[in-house]
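A.B. asks: here are the coordinates; sequence isn't available:
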């Protein structure tokens with residue numbers, strides 16, 4: 001693995017993994033020190049505990065800089081409905097072209113992905129996009145313009161289903 005190609009998040013998580021393995025080795029050595037009554041056994045307790053703190057800190061540091069991917073051409077959207085289940089609704093600006101709407105739906109599906117959503121084992125995540133259509137000066141109505149359906153069992157869904165409604 002080439003370290004220069006890793007970002008801060010990946011490098012921190014990789015370091016936490018190897019430091020965690022070292023901490024397990026320290027724990028085993030500490031247990032051996034207590035079994036055989038070696039004089040430095042209490043120092044090994046301190047080393048093991050401190051290494052555990054370092055692992056937790058490095059892991060937390062790696063998560064602090066996590067950034068979701070950004071889809072080029074996506075428009076800004078607002079989350080309208082989300083109860084943590086598999087159905088969500090976003091509001092998009094009026095009159096988006098199909099390419100921008102597609103990119104916006106893909107961005108929303110990435111942003112709203114969480115393996116801890118309710119019903120994740122049963123159904124895919126469905127993100128619907130709506131816009132507000134102004135029929136006249138006093139009457140407006142929401143209209144769905146597209147949706148995306150993606151798997152919640154895979155972190156990276158290579159084949160989400162995007163549907164753009166005619167408008």
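C.D. replies: Great, that's in hand. What you see is a predicted model; the values in this text were computed from it and never measured.
A.B. asks: So what would you say the end-to-end distance of stretch 107-116 is?
C.D. replies: End-to-end distance of stretch 107-116 (CA to CA, to the nearest Å): 19 Å.
A.B. asks: Same check on stretch 127-145?
C.D. replies: 11 Å.
A.B. asks: Please compute how far the helix ranked longest in the chain lies from its chain's middle.
C.D. replies: Looking across the chain with DSSP state H, the single longest helix is helix 8-36. Relative to its parent chain, helix 8-36 has a centroid offset of 26 Å by CA atoms, centre = their mean, to the nearest Å.
A.B. asks: Mind listing what's buried along stretch 84-99?
C.D. replies: Going by neighbour count (16 or more other CB atoms under 10 Å), the buried part of stretch 84-99 is 86, 88, 89, 90, 92, 96. For the C-beta atoms, the positions are set from N, CA and C on the backbone; glycine is no exception.
A.B. asks: first vs last residue of that stretch, how far apart are they?
C.D. replies: OK, stretch 84-99 end separation, CA to CA: 27 Å.
A.B. asks: before we move on, the earlier item: return the subset of the buried residues of stretch 84-99 lying in strands.
C.D. replies: 88, 89, 90 (DSSP state E).
A.B. asks: now those in a markdown table, with pLDDT and distance to residue 50?
C.D. replies: As requested, those are exported to a markdown table (pLDDT from 0 to 100; distance: CB to CB, whole Å):
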| residue | pLDDT | distance to residue 50 |
| --- | --- | --- |
| 88 | 95 | 43 |
| 89 | 96 | 48 |
| 90 | 96 | 46 |
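A.B. asks: low-scoring stretches of this structure, by residue?
C.D. replies: 1-6, 119-121 (pLDDT under 70).
A.B. asks: Which parts of stretch 111-118 count as buried, going by neighbours?
C.D. replies: For stretch 111-118, by 16+ other CB under 10 Å, it's 111, 112, 113, 117.
A.B. asks: Could you break this structure into its assigned domains?
C.D. replies: According to automatic domain parsing, the chain is divided into the following domains: 3-64, 78-164.
A.B. asks: what distance separates the shortest one from the middle of the whole chain?
C.D. replies: For domain 3-64, the gap between its own C-alpha mean and the chain's C-alpha mean amounts to 25 Å (CA atoms, centre = their mean).
A.B. asks: coming back round to it: for the ones in strands among the buried residues of stretch 84-99, which one is nearest residue 145?
C.D. replies: residue 90 (10.3 Å; CB to CB).
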